[in-house]
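K.L.:
Sequence and predicted structure below; questions after.
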Amino acid sequence: MQKMISILGSTGSIGRQTLDVARACQIGVAALTANRDVVRLEAQCREFRPQLAVLMDPAAADDLRVRLADTGIRVASGMEGLLEAATLPQADTVITAVVGSVGLRPTLAAIRAGKRIGLANKETLVCAGELVMDEADRWGAEIVPVDSEHSAIFQCLQGCRDRGEVKRLILTASGGPFWGKTREELEHVTLADALRHPNWSMGAKITVDSATLMNKGLEFIEAMRLYRLPPEKIAVVVHRESIVHSLVEYTDNAVLAQLGVPDMRLPIEYALTWPNRGSAVTEPLDLVKCGALTFAEPDEETFRSLPLAKEAARRGGTATAILNGANEAAVARFLAGEIGFLDIPRLVERALERVPAGPADTLDDVFAADEAARACVR
């Protein structure tokens, strides 16, 4: 039987690369969703012929419905449509590639429908990781990470018999476009500067997060939840070449690493084919030509977002939802030209100081903390 997937966020970077993998591996597409990119979603629908297409923006959905009137593809809108795409019976795997906390509800819906989750929406585990992982255990849903770092760890753990054998997880960070700069220099960087990532092609929000090192902070929290390990068993190192995607150190001091060219199609394909491996969709890694591989401690004095994320991880409860909500709101303001680059961690720190953290026992707890954090930053 042909594998069928739903892609939540198909017009973004991860969504488009997932469709590259689907094309190469002859994987069927049951549903495609986007925010408001009508033109790109129409083109994807005409090529892959999903049963369902969803746009979060209702007006954009109306436009798409007219454009696809000759295809028989059903068009839906809003969160209701996103939830339907996440639970469509024909799909066995759901790739959650939407950006931000909007991915939380559809991810939980897909889990409760027993789908395999190809998780590219890190905010889901950052905001409500314990809830999500408990639901996955309850419903028997598989969560396979798509982020290159977590996919690397996932691959390095395949031979691990017992998590007690793990000494620590080591996440690698490229350092973004500003590595080596001082805080004084960062006061004057522009949005265009922040969007020039040295190794990866990503959406604007995640590229800015990479520049502040918040992306690595979010991944630090995600690793805690995904692998159920305490923060003291997770480390971050800067690896500018983005060849070693992450490592696992075991109790006997053996270290396993996953290496590859910086191409998201490899972890996407692995999420779709695990526990098997498919045919290559990326270029091979040439160890002779890739040059020296370097590693360094992150500069947490200059890049304050990373230690803020670690502190939120240690506090637990809704502190991580506060961190994420404040960061999303601050990055949106930076992208809109309203604040400077270093204002992002300043506003996040202010939200963490002013919004009280409590238990994250329900989705209502998480969303209330998220909204309070955003209000503090606006």
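P.N.:
Nice, I can see it.
K.L.:
Please count neighbours and contacts with C-alpha atoms only from this point.
P.N.:
OK.
K.L.:
Can you show me the strands along the stretch 1-150 of the chain?
P.N.:
With DSSP state E, counting those that start in this stretch as the criterion, the stretch 1-150 of the chain has strands at 4-8, 28-34, 52-55, 74-77, 93-96, 116-119, 143-145.
K.L.:
Could you save the ones you listed as TSV and add columns showing distance to residue 188 and mean neighbour count?
P.N.:
Below are these laid out as TSV (distance: least, CA to CA, whole Å; neighbours: other CA atoms under 10 Å):
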stretch	distance to residue 188	mean neighbour count
strand 4-8	36	28
strand 28-34	34	27
strand 52-55	37	28
strand 74-77	40	21
strand 93-96	35	28
strand 116-119	35	26
strand 143-145	36	23
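K.L.:
got CSV for those, with mean pLDDT and distance to residue 291 too?
P.N.:
Shown next, in CSV, are the strands of the stretch 1-150 of the chain (pLDDT from 0 to 100; distance: least, CA to CA, whole Å):
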stretch, mean pLDDT, distance to residue 291
strand 4-8, 98, 36
strand 28-34, 98, 38
strand 52-55, 98, 44
strand 74-77, 98, 48
strand 93-96, 96, 33
strand 116-119, 96, 31
strand 143-145, 96, 28
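K.L.:
Let me know which of those strands is the nearest to residue 283.
P.N.:
strand 143-145 (21.0 Å; CA to CA).
K.L.:
how about the strands of the stretch 1-150 of the chain in CSV, adding distance to residue 21?
P.N.:
As requested, the strands of the stretch 1-150 of the chain are arranged in CSV below (distance: least, CA to CA, whole Å):
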stretch, distance to residue 21
strand 4-8, 11
strand 28-34, 11
strand 52-55, 19
strand 74-77, 24
strand 93-96, 12
strand 116-119, 13
strand 143-145, 16
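K.L.:
list the buried ones in stretch 296-307?
P.N.:
Buried residues in stretch 296-307, counted by 16 or more other CA atoms under 10 Å: 298, 299, 302, 303, 304, 305, 306, 307.
K.L.:
Likewise for stretch 34-41?
P.N.:
Neighbour-count burial for stretch 34-41, counted by 16+ other CA under 10 Å, picks out 34, 35, 36, 37, 38, 41.
K.L.:
Check the gap between the third one and residue 70 for me.
P.N.:
So the one you mean is residue 36. Using CA to CA, to the nearest Å, we find residue 36 at a distance of 20 Å from residue 70.
K.L.:
same deal with the first one?
P.N.:
Note on residue 34: its distance to residue 70, by CA to CA, is 20 Å.
K.L.:
now do the fourth one
P.N.:
Separation of residue 37 from residue 70 (CA to CA) stands at 19 Å.
K.L.:
and what of the second one?
P.N.:
In this view, residue 35 and residue 70 are 22 Å apart by CA to CA.
K.L.:
Helices along the stretch 251-378 of the chain, start to end?
P.N.:
265-273, 305-315, 319-335, 343-354, 363-377 (DSSP state H, counting those that start in this stretch).
K.L.:
Now do stretch 68-79: distance from first to last residue.
P.N.:
21 Å.
K.L.:
Mind listing residues that contact it?
P.N.:
Outside of stretch 68-79, the residues within contact range by CA atoms under 8 Å, 6 or more residues apart in numbering are 42, 45-46, 49-58, 61, 64-65.
K.L.:
Give me the distance from that stretch to the chain's centre.
P.N.:
27 Å (CA atoms, centre = their mean, to the nearest Å).
K.L.:
same check, this time on stretch 358-375
P.N.:
With CA atoms, centre = their mean as the basis, the mean position of stretch 358-375 lies at 20 Å from the chain mean.
K.L.:
And for stretch 281-300?
P.N.:
Worked out by CA atoms, centre = their mean, stretch 281-300 lies 21 Å from the chain centre.
K.L.:
repeat for stretch 56-72
P.N.:
28 Å.
K.L.:
again, but for stretch 4-22
P.N.:
Computed by CA atoms, centre = their mean, the chain-centroid distance of stretch 4-22 equals 13 Å.
K.L.:
That one: end-to-end distance?
P.N.:
End-to-end distance (CA to CA), stretch 4-22: 9 Å.
K.L.:
Switch the buried residues of stretch 296-307 over to JSON lines; also include distance to residue 265.
P.N.:
Listed next are these as JSON lines, based on distance: CA to CA, whole Å:
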{"residue": "298", "distance to residue 265": "27"}
{"residue": "299", "distance to residue 265": "30"}
{"residue": "302", "distance to residue 265": "32"}
{"residue": "303", "distance to residue 265": "29"}
{"residue": "304", "distance to residue 265": "31"}
{"residue": "305", "distance to residue 265": "28"}
{"residue": "306", "distance to residue 265": "27"}
{"residue": "307", "distance to residue 265": "30"}
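K.L.:
just to revisit the earlier point, compare the strands of the stretch 1-150 of the chain and give me the one nearest residue 334.
P.N.:
Nearest of the strands of the stretch 1-150 of the chain (CA to CA): strand 28-34, 22.7 Å.
K.L.:
before we move on, back to that, check the buried residues of stretch 34-41 and tell me the two furthest apart.
P.N.:
Farthest pair in the buried residues of stretch 34-41, by CA to CA: 35 and 41, 9.6 Å.
K.L.:
re the thing from before, let me know the closest of the contacts of stretch 68-79 to residue 222.
P.N.:
residue 56 (25.6 Å).
K.L.:
This completes my enquiry, with thanks.
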